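Novice: Next comes the sequence, and after it the predicted model I'd like to discuss.
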Amino acid sequence: MPDVCITLPRPHAHQQKILDSNAKIKVLKCGRQSGKSTIAKVSAIKAMLKGGKVLYICHDYGLSKKFYAQLLEVLPAELIESNNASTLSIKLKGLGNIEFYSGHATLAMRGTDNVALMICDEFAFWRDPENSYYNDIQPTLARSNGDTIILSSPFGRNFFWQLWIEASQCTNGEMEAFYFTILDNPFISQEFIERTQRTVPANTWLQEYLALETASEDCIVEADVITRNTIDELATGECVVIGIDLAKSHDYTSITGLNKQGEMVLHHRFQKDWNSTIDFITTLPAHVLKVIDSTGVGDVVFDQLCSKGVQNLVGFKFNSQSKPELIKELILALERNELKFTKTTADELGNYRFHYSSKSGYIKYEGLPFDDTVISLALSNKYRKQVIYNNNFANSFAVF
Ligand SMILES: Nc1ncnc2c1ncn2[C@@H]1O[C@H](COP(=O)(O)OP(=O)(O)OP(=O)(O)O)[C@@H](O)[C@H]1O
Ligand SMILES: [Mg+2]
């Protein structure tokens, strides 16, 4: 093959540190426009030129397509053996290749062998980054002893942030943590930086551009509150109340049971069709009060459960008044250390936000990507005290 010339961007100082690092796992906590995709692109090309197989994994197909297009812009046509714009893959002549996978469905990459480099983009925003990391990423790389670059802006203190902390504290050189922001990217003009800072909300600037996961002014409670009330495993003791949030579209059905002390003693989280969901709920203990979201389609589920003879069932209807009230009660209980919960719930609580609209005067509560465990905890919390004070609760509740 004739000599070919590839022009790659000259890395800025922080990008260079990533190229120089020998760590097998590089975790990049970086803000928007800091240059993370550029360094991922350079790393991918270098690995392919060495003959390696690269996997690029991202939850957003649009970002994957952009990365694919950017690679094709840099790679000379005479070097490309084949490329596929719909499945997104590029094979270089006599050299390496790159395949693309979805961060929401990392199961699909199981069985892929000889991976030299795995690039996990916007990792904090994947559906289940922890599960993907331990069950799909690590086993895939174990066989080939390949490298990983995990890059993202933070999303609260979820698994990505924990991994970045782990990398920061790693002393054997296997993992290395990197942190840089738009302010470290010399290719962004001062004028753009000042204008962006002026025009985006303060929280967006801190969380997205400065990659500060502690920028949590809109979290419903301080991170410390969540940390000190997180338990390693479900508590023991009699379950006195169960909150049930039903999966509505892309999320999960979450079922949270508490004992008298407010400790989580039962937790189920799943995606099933309605009939299987209803069947599952009928297996919950008959004598325990069950509070279920009966809004919208939940109303139909509630009726079906009643017609199946499920006892001690209360419906809760969400509306612009009942939801803020429910969450306010949850916040108070959390701040008073009245609730103890396991990690999945802790992670969702860390990402559960409120937005105040000065226009409408309403506070909107929202959990991204999911809020089902927060809602099931809130529902069980609301009724827990009533159960404690009213042992004979069987017929004492009405539909809320
Ligand atoms: N080493 C470099 N040389 C030249 N330009 C660079 C370099 N690194 C980054 N840039 C430019 O800075 C801008 C931001 O870079 P990049 O897209 O890599 O950042 P990002 O962190 O992935 O951004 P986003 O958060 O929007 O995905 C782009 O215009 C890119 O071309
Ligand atoms: Mg990018």
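Specialist: Thanks, I have the structure now. The model shown is predicted, which means the values in this text are computed figures rather than measured ones. Residues are numbered from 1 along each chain as shown. Ligands and ions are numbered 1, 2, ... in the order given.

Novice: contacts and neighbour counts: CA atoms only from here.
Specialist: Noted.

Novice: do you know how far residue 4 is from residue 77?
Specialist: Distance of residue 4 to residue 77, computed by Cα to Cα, to the nearest Å: 10 Å.

Novice: can you pull out the helices in this structure?
Specialist: For the chain, the helices defined by DSSP state H occupy 13-20, 36-49, 61-74, 129-131, 138-144, 159-169, 190-199, 202-204, 223-228, 274-282, 297-307, 322-335, 343-350, 372-389.

Novice: I'd say residue 265 and residue 236 touch.
Specialist: Yes - counting by Cα atoms under 8 Å, residue 236 is a contact partner of residue 265 at 5.7 Å.

Novice: what touches both of those two?
Specialist: residue 259 (Cα atoms under 8 Å, 6 or more residues apart in numbering).

Novice: of those two, who's got more company?
Specialist: Higher neighbour count among residue 265 and residue 236: residue 265, with 22 against 12, using other Cα atoms under 10 Å.

Novice: who touches the more buried one in this structure?
Specialist: Residues near residue 265 by Cα under 8 Å, 6+ apart: 234, 235, 236, 237, 238, 239, 256, 257, 258, 259.

Novice: Flag every residue of the protein that's near ligand 1.
Specialist: The chain has residues 9-12, 32-38, 187-188 near ligand 1, with proximity defined as Cα under 6 Å from any ligand atom.

Novice: Closest to residue 163 out of those?
Specialist: Taking Cα to Cα as the measure, residue 163 lies nearest residue 36 of the residues of the chain next to ligand 1, at 17.2 Å.

Novice: Kindly supply the ChimeraX command isolating those of the residues of the chain next to ligand 1 that are buried.
Specialist: Per 16 or more other Cα atoms under 10 Å, the buried members of those correspond to this ChimeraX selection:
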select :11,32,33,34,35,36,37,38
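
Novice: among the residues of the chain next to ligand 1, which two are most distant?
Specialist: The most widely separated members of these, counting by Cα to Cα, are 10 and 32 (19.1 Å).

Novice: Reformat the residues of the chain next to ligand 1 as JSON lines; add pLDDT and distance to residue 153.
Specialist: Compiled in JSON lines, the residues of the chain next to ligand 1 are given as follows (pLDDT from 0 to 100; distance: Cα to Cα, whole Å):
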{"residue": "9", "pLDDT": "92", "distance to residue 153": "22"}
{"residue": "10", "pLDDT": "94", "distance to residue 153": "23"}
{"residue": "11", "pLDDT": "95", "distance to residue 153": "19"}
{"residue": "12", "pLDDT": "95", "distance to residue 153": "18"}
{"residue": "32", "pLDDT": "91", "distance to residue 153": "7"}
{"residue": "33", "pLDDT": "93", "distance to residue 153": "10"}
{"residue": "34", "pLDDT": "95", "distance to residue 153": "10"}
{"residue": "35", "pLDDT": "95", "distance to residue 153": "12"}
{"residue": "36", "pLDDT": "93", "distance to residue 153": "10"}
{"residue": "37", "pLDDT": "90", "distance to residue 153": "12"}
{"residue": "38", "pLDDT": "94", "distance to residue 153": "15"}
{"residue": "187", "pLDDT": "96", "distance to residue 153": "19"}
{"residue": "188", "pLDDT": "96", "distance to residue 153": "18"}
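
Novice: now stretch 376-390, how far from the centre of its chain.
Specialist: 28 Å (Cα atoms, centre = their mean, to the nearest Å).

Novice: Would you mind listing the buried residues in that stretch?
Specialist: Quick answer for stretch 376-390 (16+ other Cα under 10 Å): 376, 377, 378, 379, 380, 381, 382, 383, 384, 387.

Novice: My guess is the fifth one contacts residue 259. True?
Specialist: No - taking Cα under 8 Å as the contact criterion, residue 380 and residue 259 are not neighbours in contact, 9.8 Å apart.

Novice: who touches both of these two?
Specialist: Common contacts of residue 380 and residue 259 (Cα under 8 Å, 6+ apart): residue 241.

Novice: shaky segments in the protein?
Specialist: By pLDDT under 70, the low-scoring segments of the chain are 1-2, 201-204, 214-217, 249-250, 355-363, 368, 388-400.

Novice: In it, which residue is most central in space?
Specialist: residue 125 (4.6 Å; Cα atoms, centre = their mean).

Novice: quick one: that one and residue 175, what's the gap?
Specialist: Using Cα to Cα, residue 125 is found at 21 Å from residue 175.

Novice: cool, residue 152 as well?
Specialist: Using Cα to Cα, we find residue 152 at a distance of 16 Å from residue 175.

Novice: Check residue 47 too.
Specialist: Distance from residue 47 to residue 175, by Cα to Cα: 19 Å.

Novice: next one: residue 350
Specialist: 25 Å.

Novice: do residue 71 as well
Specialist: Distance from residue 71 to residue 175, counting by Cα to Cα: 26 Å.

Novice: which of these two has more neighbours?
Specialist: residue 175 (22 against 18).

Novice: Enumerate the beta-bridge partners assigned to that one.
Specialist: residue 25 (DSSP bridges).

Novice: Surely it touches residue 24?
Specialist: Yes - counting by Cα under 8 Å, residue 175 sits close enough to residue 24 to count as a contact (6.1 Å).

Novice: I'd like the distance from stretch 316-334 to the chain centre, please.
Specialist: Stretch 316-334 has its C-alpha centroid displaced from the chain centroid by 23 Å (Cα atoms, centre = their mean).

Novice: got the CA positions of that stretch in PDB?
Specialist: What follows is stretch 316-334, C-alpha atoms only, in PDB (Å, rounded to 0.1, in the frame of the first residue of the first chain):
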ATOM      1  CA  PHE A 316     -52.800   7.200  44.900                       C
ATOM      2  CA  LYS A 317     -53.600   9.700  42.100                       C
ATOM      3  CA  PHE A 318     -50.800  12.000  41.000                       C
ATOM      4  CA  ASN A 319     -51.700  15.500  40.100                       C
ATOM      5  CA  SER A 320     -50.100  19.000  40.400                       C
ATOM      6  CA  GLN A 321     -51.100  19.100  44.100                       C
ATOM      7  CA  SER A 322     -50.700  15.600  45.300                       C
ATOM      8  CA  LYS A 323     -47.200  15.000  43.800                       C
ATOM      9  CA  PRO A 324     -45.400  18.000  45.400                       C
ATOM     10  CA  GLU A 325     -47.000  17.100  48.700                       C
ATOM     11  CA  LEU A 326     -45.900  13.500  48.400                       C
ATOM     12  CA  ILE A 327     -42.300  14.500  47.600                       C
ATOM     13  CA  LYS A 328     -42.300  17.100  50.300                       C
ATOM     14  CA  GLU A 329     -43.100  14.400  52.900                       C
ATOM     15  CA  LEU A 330     -40.400  12.300  51.400                       C
ATOM     16  CA  ILE A 331     -37.800  15.100  51.700                       C
ATOM     17  CA  LEU A 332     -38.700  15.700  55.300                       C
ATOM     18  CA  ALA A 333     -38.400  12.000  56.100                       C
ATOM     19  CA  LEU A 334     -35.100  11.800  54.400                       C
END
